[in-house]
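Chemist: please find the sequence and the predicted model below.
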Amino acid sequence: MFCLLLNSTALAAELTFPILTDTYMDSRSANLSRNYGASTTVKTLVDSSDGSVCRGLFKLPAELGIYTPDQIAEAEVRLYVFRDNTADRNITLYPLTRAFVEGSGNGTAPADGATWNTYDGTNAWTVAGGDFDAAHPVLGQNGEILNTNDNDRFFTWDLRALLTNETTRAALLNYGALLQIDEAPLPSSGSPRAPFTSSDDAVYAAAYQPH
């Protein structure tokens, strides 16, 4: 969920916009050239067996550009995860420094959208795994467990500081954001992960899709 609380001398309003463009990238050797633009999840993951990782990508709703920094009182991205397995690892959001193409793949190659190696299926990232602004991280906050049997919850990221800074605001609105689980140190076993529900998952009600 993307919630925007506006400042106004006459009105305070909370607005919600859906995130409609999202995908993830997988560094496993067999998946370097695969696109996941049509996947029902946006995965963040680190694997103990080979050190491979998944990182998420999404574009912010275009409607945000209408509102000037002085109008924004709060701004929050909200994503839902069924079966949270992040354990004690954080998931951090970074502004992208290059645009990406979502693509229409579901683990398919050749790709017509972002992969670990490319931002559009053809042209290489400057650094494989995505070009992002590491100097402006936003730490994710995990909410209360909704159902103990499912271990499901919402994660949120507070973007007000980024949206009221000229440089990071431009990066977020023009390029989008990257999500990264703590990738070091490698876990001793298993794959700490959060497979967030994507905009392509039609099973969940709108409130559980990315906003």
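Modeler: Nice, thanks for sending it over.

Chemist: buried sites along the longest helix anywhere in the chain?
Modeler: Longest helix in the chain by number of residues (criterion: DSSP state H): helix 166-174. Across helix 166-174, burial judged by 16 or more other CB atoms under 10 Å covers 168, 169, 171, 172, 173. (C-beta placed from N, C-alpha, C; glycine too.)

Chemist: wait, isn't the first one in contact with residue 162?
Modeler: What it means is residue 168. Yes - counting by CB atoms under 8 Å, residue 168 touches residue 162, with 4.1 Å between them.

Chemist: list the residues that contact both of those two?
Modeler: 95, 136 (CB atoms under 8 Å, 6 or more residues apart in numbering).

Chemist: coming back round to it: ok, of the buried residues of helix 166-174, which one's closest to residue 70?
Modeler: Among these, residue 169 lies closest to residue 70 (CB to CB), at 11.9 Å.

Chemist: residue 36: what's it in contact with?
Modeler: Residue 36 neighbours (CB under 8 Å, 6+ apart): 23, 24, 25, 26, 43, 103, 105, 106, 107.

Chemist: hmm, residue 39 and the first one touching each other?
Modeler: This points to residue 23. Yes - using CB under 8 Å, residue 23 is in contact with residue 39, at 7.0 Å.

Chemist: that older thread, and the buried residues of helix 166-174 as CSV, adding pLDDT and distance to residue 72?
Modeler: Below are the buried residues of helix 166-174 laid out as CSV (pLDDT from 0 to 100; distance: CB to CB, whole Å):
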residue, pLDDT, distance to residue 72
168, 98, 13
169, 97, 10
171, 98, 16
172, 98, 12
173, 97, 12
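
Chemist: put together JSON lines for these, with distance to residue 49 on each row.
Modeler: Putting the buried residues of helix 166-174 into JSON lines (distance: CB to CB, whole Å) gives the following:
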{"residue": "168", "distance to residue 49": "35"}
{"residue": "169", "distance to residue 49": "40"}
{"residue": "171", "distance to residue 49": "34"}
{"residue": "172", "distance to residue 49": "34"}
{"residue": "173", "distance to residue 49": "38"}
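
Chemist: tell me which of those is nearest to residue 157?
Modeler: residue 172 (10.9 Å).

Chemist: and the closest one, what is it in contact with?
Modeler: Contacts of residue 172 by CB under 8 Å, 6+ apart are 60, 95, 96, 159, 162, 163.

Chemist: give me the number of residues near the fourth one?
Modeler: Spelled out, it's residue 159. Residues lying near residue 159 (other CB atoms under 10 Å) number 24.

Chemist: ok, now which ones touch it?
Modeler: Taking CB under 8 Å, 6+ apart as the criterion, residue 159 is in contact with 75, 76, 77, 93, 138, 172.

Chemist: and it, how far from residue 181?
Modeler: Separation of residue 159 from residue 181 (CB to CB, to the nearest Å) stands at 19 Å.

Chemist: now do the first one
Modeler: The span separating residue 60 from residue 181 equals 20 Å under the rule CB to CB.

Chemist: this protein: strands as residue ranges?
Modeler: Applying DSSP state E to the chain gives strands spanning 2-6, 13-17, 22-26, 41-46, 53-58, 72-81, 91-95, 138-139, 141-142, 153-158, 177-181, 193-197.
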